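below are the sequence and a predicted model; questions follow.
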Amino acid sequence: MSRPVSGPVNEPVSASPVRADIPADPPGGRRAVAVWSIGVAVYFVAVIFRTSLGVAGLDAADRFHVNASALAAFSLLQLLVYAGMQIPVGLMVDRLGTKKVLTLGAVLFTVGQLGFALSPSYGMALAARALLGCGDAMTFISVLRLGTRWFPARRGPLMAQLAGLVGMAGNLVSTLVLAPVLHGVGWTAAFAGSAVAGLVVLVPLVLFLRDHPEGYGPAPARRGSGGAGGTGGAGGTGGFVRRQIRESWAEPGTRLGLWVHFTTQFPAMVFLLLWGMPFLVEAQGLSRTTAGGLLTLVVASNMALGLAYGQIVGRRQSARIPLALGTVGLTALLWAAVLVYPGDRAPMWLLVTLCLVLGGCGPASMIGFDFARPANPAERQGTASGITNMGGFIASMTTLLTVGILLDATGDNYRIAFSTVFVLEAVGVVSILRLRPFALARERERERARDAIPGPAAAPATVPTEPGRALA
């Protein structure tokens, strides 16, 4: 019997009942680390390819003879494809398994990187970045799935942060290795040479990666309880897709995860992916070497803070919202200080501090998955992760495009262009504060149900719904 909790309205949730039939935690161990490392290596290469344009933005503008808006279209299209693929990829992971999806992703982003190296025109280069974004979209959710299937649940936050840390190491390679190689051997040789890394990670992926330990596979997909809503019968695949999305979205934890990801990730993503180098060189008057050093500082800070955030969240779940909102607040404060600083240029100490704070955006965005993960059973983890992962990339796309348009419209006034950051952060914070009580109440109900009902027949929980919205 469920106990009502305080909230505007109390209604039973029928779409996603609290489950007590959750399988035992996987054991972890050395084999788990080995298999997980293969998946993370694929993600590492994908991030190198994804962020390679960040150190080549000015070179791309010269090579293809484009302005700021057209240059932004490279990253915008790549992220548009990435964000648009998140739910389909999540469904694919839930339906087909990690290995098949990750293999397809590696093939696509390798072909995309090679195509970008050889593209003779702006249009063909755009198509190559879109293909790269499609393959890239298949990596991170697959790695998250590996973590949940090979390691105990208590390790979830740490494994997610470690995956993000390895991804940032890929960003570091772009900054420290690809940038000097690009200026040394030229565009085609640098990008074509980097594409070889995709072939290298494909070999162990195909030969050794496994979706889960033997005996620890996810529960079989449930048959539809309402005709088209099931995986079989008339509903078929369409019913599976609709049910997965509907039930994942019905969980307030999934939606809260999306908004946490939306609000925290994009300031650093936009800075590293495209606009950081032009801002530091053109607006702040730094050399490319110095600007590259500051971009490296963002990555180094991200890697250090990722470990800290993972440990904190793993030990204290109550720290999730304070960490996320604290990161957002510090980011807004430092961006405001840089943009309103008297004179044309901010002092180096302030730029260094900004880059250190931007390093916390990636680890803070990973907290979004720590809300979506416990809100969904194993067979919905891919779909829920895909929904969550859309958040930051939607915000990044919006900011990348808006900054490019405003730069062209204002004659490269970076102060006006980067003010977009504050608008999106405000929207995100309001949404986080609105969803927080519903998501946390739902988590408490799940914990009480698991403690009280050891068998497989857990009763539906009674949880508060948002004003004017039923969760069922």
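Thanks, I have it. Residues are numbered from 1 along each chain as shown.

closest to the centroid, which residue in the protein?
Asn389 (4.3 Å; Cα atoms, centre = their mean).

look up phi and psi at that residue.
Here is the backbone geometry of Asn389 (degrees, to the nearest 10): phi -70, psi -20.

for the nearest residue to it once chain neighbours are set aside, give its distance to Trp150.
Leaving aside its chain neighbours, Asn389 sits nearest to Gln86 (4.9 Å; criterion: Cβ to Cβ, 6 or more residues apart in numbering). (Each C-beta comes from the backbone N, C-alpha and C, glycine too.) Noted for Gln86: a distance of 22 Å to Trp150, by Cβ to Cβ, to the nearest Å.

and if you look at Ile321?
Ile321 sits 28 Å away from Trp150, taking Cβ to Cβ as the criterion.

of the two, which one has the most company?
Trp150 (26 against 18; other Cβ atoms under 10 Å).

for the helix or strand containing Thr290, buried residues please.
Per DSSP states H and E, Thr290 falls inside helix 288-315. Neighbour-count burial for helix 288-315, counted by 16 or more other Cβ atoms under 10 Å, picks out 291-306, 309-310, 312-314.

can you check stretch 351-369 too?
For stretch 351-369, the buried set under the neighbour-count rule, 16+ other Cβ under 10 Å, comprises 351, 353-369.

can you show me the CA trace of stretch 312-326 as CSV?
Provided in CSV are the C-alpha atoms of stretch 312-326 (Å, rounded to 0.1, in the frame of the first residue of the first chain):
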residue,chain,number,x,y,z
ILE,A,312,30.5,13.2,-4.2
VAL,A,313,27.3,12.1,-6.0
GLY,A,314,28.1,8.4,-5.4
ARG,A,315,28.3,9.0,-1.7
ARG,A,316,25.6,11.7,-1.2
GLN,A,317,22.6,11.7,-3.6
SER,A,318,21.4,14.9,-1.9
ALA,A,319,24.3,16.7,-3.4
ARG,A,320,23.1,16.4,-7.0
ILE,A,321,20.9,19.5,-7.2
PRO,A,322,23.3,21.8,-5.2
LEU,A,323,26.3,20.7,-7.4
ALA,A,324,24.3,21.3,-10.6
LEU,A,325,22.9,24.7,-9.7
GLY,A,326,26.1,25.8,-8.1
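
quick one: mean pLDDT over that stretch.
The pLDDT scores in stretch 312-326 average 92.

list the helices and strands the helix or strand encompassing Thr327 packs on?
Thr327 belongs to helix 320-339 when assigned by DSSP H and E. With contacts taken as 3 or more Cβ pairs under 8 Å, 6 or more residues apart in numbering; DSSP states H and E, helix 320-339 sits against helix 252-270, helix 288-315, helix 348-358, helix 361-375, helix 420-452.

turn the ones you listed into a markdown table, columns for distance to Val328.
Formatted as a markdown table, the entries for the helices and strands packed on helix 320-339 read as follows, by distance: least, Cβ to Cβ, whole Å:
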| stretch | distance to Val328 |
| --- | --- |
| helix 252-270 | 6 |
| helix 288-315 | 14 |
| helix 348-358 | 10 |
| helix 361-375 | 7 |
| helix 420-452 | 6 |
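
who's in contact with stretch 284-293?
Applying Cβ atoms under 8 Å, 6 or more residues apart in numbering, the external contacts of stretch 284-293 come out as 55, 58, 175-176, 179, 276-277, 280-281, 294, 344-346, 351.

same thing but at 10 Å, please
Stretch 284-293 is contacted from outside by 55, 58, 175-176, 179-180, 183, 276-282, 294, 338, 344-348, 351-352, 355, 414, using Cβ atoms under 10 Å, 6 or more residues apart in numbering.

now stretch 315-322
154, 157-158, 256-257, 260, 309, 312-313, 323, 326, 364, 367-368, 370-371, 374, 432-433, 436, 439-440, 443.

and the residues you listed, which of them are buried?
157-158, 256-257, 260, 309, 312-313, 323, 364, 367-368, 370-371, 374, 432, 436, 439-440, 443.

can you list the low-confidence ranges for the stretch 101-250 of the chain?
215-236 (pLDDT under 70).

I meant the stretch 351-472 of the chain, not that one.
For the stretch 351-472 of the chain, the ranges with pLDDT under 70 are 450-472.

and Leu339, how many neighbours?
Leu339 - counted by other Cβ under 10 Å - has 18 other residues nearby.

which residue packs closest to it, ignoring adjacent ones?
Counting by Cβ to Cβ, 6+ apart, the residue nearest Leu339 is Arg415, at 4.8 Å.

what does Phe49 give?
Gln113 (4.6 Å).

the one you found is in what secondary structure piece?
Gln113 belongs to helix 98-118 when assigned by DSSP H and E.

in the next helix-or-strand element following that helix, which residues are buried?
Once the chain leaves helix 98-118, the next helix or strand it forms, by DSSP H and E, is helix 122-137. Within helix 122-137, the residues that qualify as buried are 122, 125-137, counting by 16+ other Cβ under 10 Å.

what would those residues look like in a markdown table with distance to Leu108?
Putting the buried residues of helix 122-137 into a markdown table (distance: Cβ to Cβ, whole Å) gives the following:
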| residue | distance to Leu108 |
| --- | --- |
| Tyr122 | 21 |
| Ala125 | 16 |
| Leu126 | 16 |
| Ala127 | 12 |
| Ala128 | 11 |
| Arg129 | 12 |
| Ala130 | 10 |
| Leu131 | 6 |
| Leu132 | 7 |
| Gly133 | 9 |
| Cys134 | 5 |
| Gly135 | 3 |
| Asp136 | 8 |
| Ala137 | 9 |
